[in-house]
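**Q** Structure, please.
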Amino acid sequence: MTIFNENPSKLINKAAEELKKIEVIKAPVWAKYVKTGRSKERPPEETDWWYKRTASVLRKVYVLGPIGTSKLRVKYGSRKNRGYQPEKFFKASGNILRKVLQQLEKAGFIKQVEKGVHKGRIITPKGKSFLDKLAKK
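**A** This next block holds a predicted model:
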């Protein structure tokens, strides 16, 4: 059984709970004050949003890798409500995604690689088994 057989939101919630137990992955001090992108009006209300975003990024790297910060910014971006003006798409915060990728790399779940013209991060066997074990539960 792999992550493709599991409901993504359930898998992300399970992975977020497991990622809280890993020492390397923790939210920075500034995480409770920062917005997740230019299109957002306020910071996230959930206290553990950092771990859910980390789990979500890990899943995205598994499915789409090799992938980098710029493509993840587009994936997590959203449309901004601009009042009477039409809505416009804005990318997500690059700093948050960069820090998440660095923490996952320190934990050994992902690594940097170049595949032909594509370069970015892919999932390691350790990260793959971590997500697949959670999908089995």
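**Q** Please count neighbours and contacts with C-alpha atoms only from this point.
**A** Noted.
**Q** neighbours of Ile96, just the number please.
**A** Counted with other Cα atoms under 10 Å, residues neighbouring Ile96 total 22.
**Q** swap that for Asp132, please
**A** Counted with other Cα under 10 Å, Asp132 comes out at 18.
**Q** Helices along this protein, start to end?
**A** Here the chain has its helices, by DSSP state H, at 8-19, 49-64, 69-76, 94-107, 125-136.
**Q** Of these, flag the one that's most buried.
**A** Counting by mean count of other Cα atoms under 10 Å, helix 49-64 has the highest mean neighbour count of the helices of the chain, with a mean of 20.
**Q** How far off centre is that one?
**A** Computed by Cα atoms, centre = their mean, to the nearest Å, the chain-centroid distance of helix 49-64 equals 3 Å.
**Q** got the angle between it and helix 125-136?
**A** Helix 49-64 runs at 100 degrees relative to helix 125-136, counting by axes from the mean of the first three to the mean of the last three Cα atoms, to 10 degrees.
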